[in-house]
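[1] from the sequence below, what's the structure:
(chains A and B)
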Amino acid sequence: MFHADRWLAPLLATLACVTALVLLLILGFLWNEAWPVLTEGGWRRFIDAEGWYPLEGSFGLLPMLWATLAASFGALLLATPIGLASAIFVRFYAPQSIAGLYRNLLSLLAGIPSVVYGLWGLTVLVPIIAHWRPPGASLLAAILILALMILPTIALTSISALSAVPTALLQGAASLGLTRKGMILGVALPTAHEGIVGGIMLAMARALGETMAVLMVAGNVVQTPSSLFDSVRVLTANIALEMAYATGQHRAGLFASGMLLTLLVVLLAWWAAHAAGETRHG
Amino acid sequence: MVNRLTDQLFTAAVWSAAILVLVMFCWLLGDLLLQGGHHLSWSFLLSAPENAGRSGGIAPILVSTLLILAVALAAAIPLGLATAAWLAEYTRDGGRGARAVRMSLDVLAGVPSIVFGLFGNAFFSIFLGLGFSILSGGLTLACMILPIFIRTSEMGLAAVPDEWRRGAAALGMTRAAALWHLLLPAASPAIATGLMLGIGRATAETAALIFTSGYVDRMPESLSDSGRSLAVHIYELSMNVTGGDEAAYASALILIGLIITINAIAQALSERWLTRRIITA
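    Residues are numbered from 1 along each chain as shown, chains lettered A, B, ... in the order given. Below is the predicted model:
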């Protein structure tokens, strides 16, 4: 008799291996394409070089790395308190009907494509900033747009973390005579903090890896930012801008910066998953 | 007294943050509707772009977008479902193979989209010789949506109670039949959710497509033609075409509408699949 079970398990296992192979392929191809620039001068040339002049063999990534970190941390500083407050609003302050609506609004915001955020930032936000302090396309614009983009992520993950806090704990706090603020700051947030931190890390990973929205509003001048109103170019945007015409060493340099970016983001994402996993099991 | 005052201040802070988010949301959506709304018409949907997209429509771009999405799903669904089924049904907790696959998916989920673009360009376009094509773009997106699709599907399968599996075994069903007729349908809401998340991410994607499926805004004749997706079109219009803002806003409205529609369809389909399968199985 034809027995499906005999071949199903090996078949599924093979397909699962193919899935796992995707990551190896990605890392392998990044490494392979970046190889020409890595063999010649080693990794230090990305730090020691004065700036990013790929056609003259100068591959200094630091100005763009600083810009990337400045934009991401700025966005995080802005989005974390507001996102967390929104989550507290949904969980503890909003009336039932409004809480549901507000949550849907956050999900909708989370689903808006980054290129649409970029479009809005470019046509609405940048002119406003330019009116105040030209040129407008700046680190500040990048921070504001990124903050808007990662805010729903922080709010939604915080809502789930706060919802997982046992009701008995909150009732206990209330029965001890704590005010609502005392209950939230003293009981709910500490209990949910690992889930919240996991969400913030995810948001950070998203901010670091974001390309289009930042590319469209940041002005894309390669320089170490010295003020909020400087035009900056982040690592992701650099790849998107130069891949179209890069060849040889230049192309290899772009793949190397892609590797650096992957390393940063993967470390963060892994840390986030770790933090979230700990909440679940602990 | 001081205590009550700080409590009120805290309440005020929470409400103002919530209102701020609402205001930003209305500002963004209001601009989209105002600037894109009056550019929108049936002919915008049904005609080809003219004058670099400033006028005319987006018909070929819509077709390319849907084709890229179809390729991505055709590759990701079988691979993803098989991996999810293997992880949930055929591996023990803590098995070495399963741990390796899970870890690779965790890492894959964190890879930035522009890096998928780099990889897609190096592997699909150049190494496999697919060039700038809908096929390259779709396959790149498939790699991108695999982790989230597998994760949600696996959680759906794991949530099916073990009695169902024992019941199926007691009735003499093969494990394959139990998987196909019982477990997958029972997990279908989760699978559909994973699919929706993946589709949402794929439809919104720009960075991974610029160097894989390309910029060409003609009507694609086959899967090996280059095709411009809607998100890439918005990027092109706003960055490289002066005076293209209105068309960009209109395209953005269509893109958001498309994402919402696909989500609704996936939800409806999964509900129908669930009832039909369980009743006839």
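[2] how far away is the closest residue to residue A:224 other than its chain neighbours from residue A:222?
    Of all residues not flanking residue A:224 in the chain, residue A:63 sits nearest, at 4.4 Å (Cβ to Cβ, 6 or more residues apart in numbering or on different chains). Every C-beta, even on glycine, is put in place using the N, C-alpha and C of the backbone. Remark: distance between residue A:63 and residue A:222 (Cβ to Cβ, to the nearest Å) = 6 Å.
[3] what's the overlap in contacts for those two?
    A:51-52, A:233 (Cβ atoms under 8 Å, 6 or more residues apart in numbering or on different chains).
[4] returning to what we had before: wasn't the residue nearest to residue A:224 part of a strand?
    No. Residue A:63: not assigned to a strand; according to DSSP: H, G, I helix; E, B strand; the rest coil it is helix.
[5] ok, now which ones touch it?
    A:51-52, A:222-224, A:233.
[6] scan the residues you listed and report the most crowded one.
    Compared across the contacts of residue A:63, residue A:233 has the highest neighbour count, 24 neighbours, by other Cβ atoms under 10 Å in any protein chain shown.
[7] that residue contacts residue A:68, correct?
    No. The criterion here is Cβ atoms under 8 Å, and residue A:233 misses it with residue A:68 at 9.1 Å.
[8] how much space separates residue A:107 from chain B?
    Computed with Cβ to the nearest Cβ, to the nearest Å, the distance linking residue A:107 and chain B is 10 Å.
[9] secondary structure element for that residue?
    In this assignment (DSSP states H and E), residue A:107 forms part of helix A:96-111.
[10] list the buried residues in that helix.
    Neighbour-count burial for helix A:96-111, counted by 16 or more other Cβ atoms under 10 Å in any protein chain shown, picks out A:99, A:102-103, A:105-106, A:109, A:111.
[11] now, which of those sits nearest residue A:165?
    residue A:99 (15.5 Å; Cβ to Cβ).
[12] torsion angles phi and psi at the nearest residue to the closest one once chain neighbours are set aside?
    Nearest-residue entry for residue A:99: residue A:90, 4.8 Å, with adjacent residues in sequence omitted and distances by Cβ to Cβ, 6+ apart. Dihedral angles phi and psi of residue A:90 (degrees, to the nearest 10) take the values phi -60, psi -40.
[13] correct me, but residue A:90 touches residue A:161?
    No. Using Cβ under 8 Å, residue A:90 makes no contact with residue A:161, being 11.9 Å away.
[14] tell me who's in contact with the residue nearest to residue A:137 when sequence neighbours are not counted.
    Once flanking residues are discounted, residue A:137 sits nearest to residue A:219: 3.4 Å by Cβ to Cβ, 6+ apart. For residue A:219, the contact set (Cβ under 8 Å, 6+ apart) comprises A:135-138, A:141, A:230-233.
[15] repeat for residue A:246
    A:54, A:253-254.
[16] at 6 Å what do you get?
    For residue A:246, the contact set (Cβ atoms under 6 Å, 6 or more residues apart in numbering or on different chains) comprises residue A:254.
[17] what do you get for the one 4 residues further on?
    For residue A:250, the contact set (Cβ under 6 Å, 6+ apart) comprises residue A:54.
[18] so where's chain A shaky on pLDDT?
    For chain A, applying pLDDT under 70 flags the ranges A:1-2, A:42, A:273, A:275-282.
[19] for the spatially most central residue of it, which non-adjacent residue is spatially closest?
    Compute the mean C-alpha point of chain A, and by Cα atoms, centre = their mean the closest residue is residue A:206, 1.6 Å away. Leaving aside its sequence neighbours, residue A:206 sits nearest to residue A:150 (Cβ to Cβ, 6+ apart; 5.6 Å).
[20] which residues are contacting the strand or helix carrying the one you found?
    Secondary structure from DSSP H and E places residue A:150 in helix A:139-163. Contact with helix A:139-163 is made by A:71, A:74-75, A:78-79, A:83-84, A:86-87, A:90-91, A:106, A:109-110, A:117, A:121, A:125-126, A:129, A:188, A:192, A:195-196, A:199-200, A:203, A:206-207, A:213-214, A:217-218, A:225, A:228, A:230, A:232, as judged by Cβ under 6 Å, 6+ apart.
[21] please pick the buried ones from these.
    A:71, A:74-75, A:78-79, A:83-84, A:86-87, A:90-91, A:106, A:109, A:117, A:121, A:125-126, A:129, A:188, A:192, A:195-196, A:199-200, A:203, A:206-207, A:213-214, A:217-218, A:225, A:228, A:230, A:232.
[22] so which of the residues you listed belong to helices?
    Of the buried ones among the contacts of helix A:139-163, the ones assigned to helices by DSSP state H are A:71, A:74-75, A:78-79, A:83-84, A:86-87, A:106, A:109, A:117, A:126, A:129, A:192, A:195-196, A:199-200, A:203, A:206-207, A:213-214, A:217.
[23] the stretch 1-150 of chain B against chain A: which residues are in contact?
    The stretch 1-150 of chain B comes close to chain A at residues B:7, B:10, B:14, B:17-18, B:21, B:25, B:28, B:31, B:79, B:82-83, B:85-86, B:90, B:101, B:104, B:106-108, B:110-112, B:114-115, B:118-119, B:122-123, B:143, as judged by Cβ under 6 Å from any Cβ of the partner chain.
[24] and residue B:70, how far from residue B:202?
    Taken as Cβ to Cβ, the span from residue B:70 to residue B:202 is 10 Å.
[25] neighbour count: these two, which is higher?
    residue B:202 (28 against 13).
[26] give me phi/psi at the more buried one?
    Backbone geometry at residue B:202, expressed as degrees, to the nearest 10, gives phi -70, psi -40.
[27] now name the helix or strand holding the closest residue to it other than its chain neighbours.
    Once flanking residues are discounted, residue B:202 sits nearest to residue B:141: 4.5 Å by Cβ to Cβ, 6+ apart. Using DSSP H and E, residue B:141 maps to helix B:134-158.
[28] run through who's touching that helix.
    Contacts for helix B:134-158 (Cβ under 6 Å, 6+ apart): A:22, B:67-68, B:71-72, B:75-76, B:80, B:83-84, B:87-88, B:105, B:108-109, B:116, B:120, B:124-125, B:130, B:183, B:187, B:190-191, B:193-194, B:197-198, B:201-202, B:208-209, B:212-213, B:220, B:223-224, B:227.
[29] how many neighbours does residue 164 have?
    Because you didn't say which chain, this covers chain A. Neighbours around residue A:164, by other Cβ under 10 Å: 12.
[30] you looked at the wrong chain, it should be chain B
    13.
[31] equivalent analysis for residue B:52, please.
    Neighbour number of residue B:52 under other Cβ under 10 Å is 16.
[32] contact partners for it?
    By Cβ under 6 Å, 6+ apart, the neighbours of residue B:52 are residue B:241.
[33] mind redoing it with 8 Å?
    Counted by Cβ under 8 Å, 6+ apart, residue B:52 has contacts B:241, B:244.
[34] returning to what we had before: okay, the angle between the helix holding residue A:150 and helix A:96-111?
    With axes from the mean of the first three to the mean of the last three Cα atoms, to 10 degrees as the basis, helix A:139-163 and helix A:96-111 are set at 130 degrees to each other.
[35] got the buried residues for helix A:139-163?
    A:139-159, A:161-162.
[36] ok, the closest residue to residue A:62 other than its chain neighbours to residue B:168 distance?
    Computed as Cβ to Cβ, 6+ apart, the closest residue to residue A:62 that is not its neighbour in sequence is residue A:47, at 6.2 Å. Residue A:47 sits 59 Å away from residue B:168, going by Cβ to Cβ.
[37] how about residue A:123?
    Note on residue A:123: its distance to residue B:168, by Cβ to Cβ, is 57 Å.
[38] swap in residue B:159?
    16 Å.
[39] now do residue A:252
    As judged by Cβ to Cβ, residue A:252 and residue B:168 stand 54 Å apart.
[40] and the biggest helix by length in chain A, what does it pack against?
    Using DSSP H, we find that the single longest helix of chain A is helix A:4-39. If contacts are counted by 3 or more Cβ pairs under 8 Å, 6 or more residues apart in numbering or on different chains; DSSP states H and E, helix A:4-39 sits against helix A:248-281, helix B:59-89, helix B:96-110, helix B:113-120, helix B:134-158, helix B:175-178.
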